[in-house]
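Student: No sequence on hand, only this structure:
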C-alpha cells in the first residue's frame with residue numbers, strides 16, 4: 001500500500017494576509033451598503049473613479065510606448081542615442097512627480113501653446129484654425145502628459161533590464177541565422193524579456209494608480225479631489241477618507257492579484 005500525503009484544504013493554503021484583506025473589503029462594502037452616510041459619500045466619490053482610471057490607463061500606455069523607445073535607444077549601438085536616452089532618464093527620475101506636475105502644468109504647457117501657435121501661424125493668419133490658448137489646454141491632459149513623461153523614465157529602465165537579461169549568445173545565434181535587427185528583437189529578444197519585464201511593469205501600473213492622486217493638486221476631479229471637496233463641505237473627514245482609501249485599495253489590490261496571477265501563468269509556461 002502506497003502512502004499518499006493529504007493535500008491541505010483550500011482554507012489552509014489560503015494566505016492569511018489575503019484573508020485579512022478580504023475581511024476588510026467585506027467590512028467596507030457592508031458599511032457602504034448599510035450606512036446612509038457612507039452610501040452618500042460613495043456615490044459622490046464614484047464619479048472620480050472613471051477620471052482616475054482614464055488618467056492612469058492613458059498615461060501608462062503612453063509611458064510604456066515611450067519607455068520602450070527610450071530603452072531601445074539606451075541599448076543601441078549608437079553612442080549619440082545612448083547618451084541622449086541616458087540623460088533623459090537621469091534627469092526625469094531625479095525630479096519628484098509633484099514638482100514635475102506643476103512644471104508641466106504651469107511652465108511647459110504655456111510654452112507648448114506658444115510653440116503650437118508659432119508653428120501654425122500661417123494657418124492662423126489665414127483664419128483656417130483658431131489660435132490655441134493656455135486656458136484651453138485642459139488640466140487633465142496636462143496631468144496625463146506629466147505622468148507619461150515621469151513614468152516613461154522608470155519604465156525605460158525596466159525594459160532595458162529585461163532586454164539586457166537575454167543571453168548574448170541567443171542574439172548572436174539569431175543574427176547568424178539571417179534575422180535582421182527588427183525580427184531578432186520581435187522573435188527572440190522581446191518574448192524572453194517579457195517574462196522579466198512583466199512583474200515590475202505591473203507594479204509600476206499599481207504605483208501609477210496611487211500616484212494619480214497627485215493630479216488632484218491641479219484640480220482634476222479624481223477620487224482624491226472629490227474626497228477633499230466632500231470632506232471640506234461636510235466635515236465628515238473620517239468617513240470620507242475611509243471611502244477614498246476603500247476605492248484605492250479595491251483598485252490596487254485587484255491589480256496586484258492580477259499581476260501575481262500573470263506571473264504564475266508565465267512561470268508555468270516557462271517550466272513546461
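Tutor: Thanks, I have the structure now. Since this is a predicted model, take the numbers as computed values, not measurements.
Student: what's in contact with stretch 253-263?
Tutor: The contact list for stretch 253-263 (CB atoms under 8 Å, 6 or more residues apart in numbering) reads 21, 198-199, 202-203, 205-206, 209. Quick note: C-beta positions are derived from backbone N, CA and C, even for glycine.
Student: Filter the residues you listed down to the buried ones.
Tutor: 198, 202, 205-206, 209 (16 or more other CB atoms under 10 Å).
Student: returning to that earlier point: and the two most separated of the contacts of stretch 253-263?
Tutor: Across those, the longest distance by CB to CB is 22.5 Å; it joins 21 and 198.
Student: pretty sure residue 227 contacts residue 243?
Tutor: Yes. Assessed by CB atoms under 8 Å, residue 227 is found in contact with residue 243 at 7.3 Å.
Student: for residue 221, phi and psi?
Tutor: Main-chain torsions, residue 221, degrees, to the nearest 10: phi -80, psi 60.
Student: And for the one 5 residues further on?
Tutor: Taking degrees, to the nearest 10, you get phi -60, psi -40 for the backbone angles of residue 226.
Student: Now do the contacts for the residue nearest to it when sequence neighbours are not counted.
Tutor: Nearest residue to residue 226, sequence neighbours excluded (CB to CB, 6 or more residues apart in numbering): residue 48, at 4.2 Å. Contacts for residue 48 (CB under 8 Å, 6+ apart) come out as 221-227, 247.
Student: Next, residue 48: secondary structure please.
Tutor: helix (DSSP: H, G, I helix; E, B strand; the rest coil).
Student: Can you tell me the element the closest residue to residue 201 other than its chain neighbours falls in?
Tutor: Using CB to CB, 6+ apart and skipping the chain neighbours, the partner closest in space to residue 201 is residue 158 (5.7 Å). For residue 158, the host element (DSSP states H and E) is helix 139-165.
Student: How about residue 64?
Tutor: Using DSSP H and E, residue 64 sits in helix 36-74.
Student: before we move on, the earlier item: any chance of the contacts of stretch 253-263 in a markdown table, with pLDDT, secondary structure and distance to residue 31 too?
Tutor: Formatted as a markdown table, the contacts of stretch 253-263 follow (pLDDT from 0 to 100; DSSP: H, G, I helix; E, B strand; the rest coil; distance: CB to CB, whole Å):
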| residue | pLDDT | secondary structure | distance to residue 31 |
| --- | --- | --- | --- |
| 21 | 87 | helix | 16 |
| 198 | 85 | helix | 35 |
| 199 | 84 | helix | 33 |
| 202 | 87 | helix | 30 |
| 203 | 87 | helix | 29 |
| 205 | 90 | helix | 28 |
| 206 | 90 | helix | 24 |
| 209 | 91 | helix | 22 |
